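[1] structure, please.
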Amino acid sequence: MSAQALLGKQLRRLGDSLLCRLQEAVQRPLCARSLFTFALCFILFAAPFYGIVKTSWQHTVMARISPRTMTVNVELPDLSEQLAVLTSRQHVESRRLRIGDDQTLLSLLAALGIKDPEAERFILSEQAAKPLLHPRSGQFVSAELFGDGTIRQLRIFLDQPLTERVDVLTLYRDGTRLICEQTPFEYDIRLEALGGVVTGPIDASLKKAGIPEKIIGQMHDAFDVDRDQLHQMRKGDAFRIVYESKFADGNFVRHGRLLAMQFEHQGKSTELFWFNNDDRGGNYYDAQGLISRRTFMRVPLDIQSVSSEFSPMRRHPVTGVLRPHNGTDFRAPWGATVRAAADGVVTFAGVGSGWGKFIRIKHGPDYVTLYAHLSRINKNIRSGTKVKRGEIIGRVGQTGLATGPHLHYELKIGDIQINPMTARLPDTDHLTPYQLARLTAQIKPLRERLESITISDIEMQGTTP
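    Numbers count the residues shown, from 1 in each chain. A predicted model of the protein is given here:
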């Protein structure tokens, strides 16, 4: 029992006793003196006793709650490195570049100013980050870096030329973790409209008007090599074009597709529009739905010089033996681009005895083409690969029995080898009515953009011969 409880109990007993004595005193007045004496004794005894007990209890309680001071030596951890990291990551810097030829992962990181061994190890070990190991020329890369050169976010844009699909591979930090994700992406597309007049060589005139080289290449690709309308243009002729420019996060990435072009040559106007819903991967058509080039290329490279024509009997330049020359030889410099003559499936890509490195492509049930003496076959070209008309499949070389760099090109219809320069080749003259209706709807805004390009009469007169 506590001191307070004990004291209370004793006081209650004394109080009860005093109450009884008072009652007796009331009944017996003669005992007043005894009552007074008792009360006086109680006061003299209880008051000091209560003071002693209270003081003792207070000392006991204060002794229990009295604070004690202890000194303990605590060794604080060295947080300077963590503080330095936090300080350096308060500032974020954005960088971007377009990947150049023969660029590697290490050269790419160095060009962006990235100093992040942890990220390097992650890229090397993570399957999802594989595209960063083998960056391709022309790919656009953007990065956000902390002040210490480590990666906050790294993005590489992966274009798929055949499907026109774009994915973006993103490597980023989530706290202390590195995460890699690949997701579909759509560029912001702006339409550019340019025009001018021919003042000399056609390509020089196009460049003078500010037309990018990639778009100039697409202008030429709209036609067969042996009937390129651009090469027919003369001084004073006018041209107008509309093309795409692609942007990501407000940054220019690359020029896109040439959508429309208009030529004025010798008083005649020609208009061509890109249409990609023709079931053949897309081509250029006029307003009536007529395609601008053959669906089967007679010349499958960017060179028109013929060094040896198709002949039923020719003396072989190496062996000296008279035998048929069932193809056409195109003289071209080493490494010149070789293209697929039409849509088809590769049935062979490798090395043959006399042909050296060569490719054979089957185009439907009846047509087969062959490309021989190549210096290189593109790594994605193998048996079973589907190719599109004009797709790059290899490079001109001198492998096999050849006296100089050239392309040996053959065409078979059925099992008969024919002259590709004179044969009647398959073609699709017009779009279907449904396709033409879609093209017509697509043409209207593009034609308005073409007509908005003003070429002054003074400029036209100043260039006329």
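[2] helices of the stretch 351-465 of the chain, residue ranges please.
    Assigned by DSSP state H, counting those that start in this stretch, the stretch 351-465 of the chain shows helices spanning 433-451, 457-463.
[3] neighbouring contacts of the longest one?
    Just to be clear, that refers to helix 433-451. With C-beta atoms under 8 Å, 6 or more residues apart in numbering as the test, helix 433-451 has contacts from 191, 193, 240-242, 259-260, 262, 271, 273, 275, 277-278, 285, 287-289, 430-431. All C-beta atoms are positioned from the backbone trio N, CA, C, and that covers glycine.
[4] buried residues, that helix. List them.
    Under the neighbour-count criterion of 16 or more other C-beta atoms under 10 Å, helix 433-451 has Gln435, Leu436, Leu439, Gln442, Ile443, Leu446, Arg447, Arg449, Leu450 buried.
[5] of the contacts of helix 433-451, which belong to strands?
    Those of those mapping onto strands are Leu191, Ala193, Arg240, Ile241, Val242, Leu259, Ala260, Gln262, Glu271, Phe273, Phe275, Tyr285, per DSSP state E.
[6] could you turn the buried ones of these into a ChimeraX selection?
    Buried residues among the ones in strands among the contacts of helix 433-451 (16+ other C-beta under 10 Å), as a ChimeraX selection:
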select :193,240,241,242,259,260,262,271,273,275,285
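[7] so which residue is dead centre in this structure?
    Most central in the chain under C-alpha atoms, centre = their mean is Phe157, positioned 1.4 Å from the mean C-alpha point.
[8] thought it was touching Pro135?
    No - assessed by C-beta atoms under 8 Å, Phe157 is found out of contact with Pro135, at 10.8 Å.
[9] what residues do those two have in common as contacts?
    With C-beta under 8 Å, 6+ apart as the test, Phe157 and Pro135 both reach Val141.
[10] now pLDDT and distance to His231 too, for the ones in strands among the contacts of helix 433-451, in CSV please.
    Formatted as CSV, these follow (pLDDT from 0 to 100; distance: C-beta to C-beta, whole Å):
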residue, pLDDT, distance to His231
Leu191, 95, 27
Ala193, 95, 24
Arg240, 96, 18
Ile241, 97, 17
Val242, 97, 22
Leu259, 97, 22
Ala260, 97, 20
Gln262, 95, 17
Glu271, 95, 18
Phe273, 97, 21
Phe275, 93, 24
Tyr285, 94, 21
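[11] out of the ones in strands among the contacts of helix 433-451, what pair is the most spread apart?
    Farthest pair in the ones in strands among the contacts of helix 433-451 (C-beta to C-beta) is Ala193 and Tyr285. Separation: 19.7 Å.
[12] list the buried ones in stretch 195-215?
    Under the neighbour-count criterion of 16+ other C-beta under 10 Å, stretch 195-215 has 195-199, 202-203, 205-206, 209, 211-212, 215 buried.
[13] stretch 274-283 too?
    Result for stretch 274-283 [16+ other C-beta under 10 Å]: buried residues Trp274, Phe275, Asp278, Asn283.
[14] ok, the residues you listed vs Ile393, which is closest?
    Closest approach to Ile393 among these (C-beta to C-beta): Asn283, at 19.0 Å.
[15] I'd assumed Ser292 was in contact with that closest one.
    Yes - using C-beta under 8 Å, Asn283 is in contact with Ser292, at 6.9 Å.
[16] nearest to Arg395, of the buried residues of stretch 274-283?
    Arg395 lies nearest to Asn283 out of the buried residues of stretch 274-283, by C-beta to C-beta, at 25.0 Å.
[17] surely Leu259 meets Glu244?
    Yes - judged on C-beta under 8 Å, Leu259 makes contact with Glu244 at a distance of 6.6 Å.
[18] any chance you could list residues touching both of these two?
    Applying C-beta under 8 Å, 6+ apart, one finds that Leu259 and Glu244 are jointly contacted by Leu191.
[19] circling back: any chance of the buried residues of stretch 195-215 in CSV with distance to Asp228 as columns?
    Converted to CSV, the buried residues of stretch 195-215 look like this (distance: C-beta to C-beta, whole Å):
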residue, distance to Asp228
Gly195, 19
Gly196, 18
Val197, 19
Val198, 14
Thr199, 19
Ile202, 9
Asp203, 11
Ser205, 15
Leu206, 13
Ala209, 18
Ile211, 16
Pro212, 19
Ile215, 15
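[20] narrow those to those in helices?
    Ile202, Asp203, Ser205, Leu206, Ile215 (DSSP state H).
[21] list the contacts for the last one?
    With contact set as C-beta under 8 Å, 6+ apart, Ile215 has these partners: Ile241, Tyr243, His255, Leu258.
[22] pull the most distant pair out of these.
    Ile241 and His255 (11.4 Å).
[23] ok, back up a step: return the member of the ones in strands among the contacts of helix 433-451 nearest to Pro405.
    For the ones in strands among the contacts of helix 433-451, the nearest to Pro405 is Ile241 (34.4 Å; C-beta to C-beta).
[24] can you show me the helices along the stretch 101-250 of the chain?
    Remark: helices assigned in the stretch 101-250 of the chain by DSSP H, counting those that start in this stretch are 105-112, 117-125, 130-133, 202-208, 213-221.
[25] between the buried residues of helix 433-451, which sits nearest Leu374?
    Gln435 (36.0 Å).
[26] okay, now the domains of this structure?
    Taking automatic domain parsing as the reference, the chain has its domains at 3-60, 91-184, 192-295+438-463, 306-418.
[27] okay if I get those domains as JSON lines plus distance to Asn73?
    As requested, the domains of the chain are exported to JSON lines (distance: least, C-beta to C-beta, whole Å):
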{"stretch": "domain 3-60", "distance to Asn73": "34"}
{"stretch": "domain 91-184", "distance to Asn73": "32"}
{"stretch": "domain 192-295+438-463", "distance to Asn73": "54"}
{"stretch": "domain 306-418", "distance to Asn73": "68"}
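[28] and those, which one's lowest on average pLDDT?
    Per-stretch mean pLDDT for the domains of the chain is lowest at domain 3-60 (a mean of 57).
[29] thinking again about what came up before, for Ala332, which of the helices of the stretch 351-465 of the chain is the nearest?
    With C-beta to C-beta as the criterion, Ala332 lies closest to helix 457-463 of the helices of the stretch 351-465 of the chain, at 33.4 Å.
[30] quick one, what contacts Ile377?
    Ala349, Gly350, Lys357, Ile359, Ile393, Gly394.
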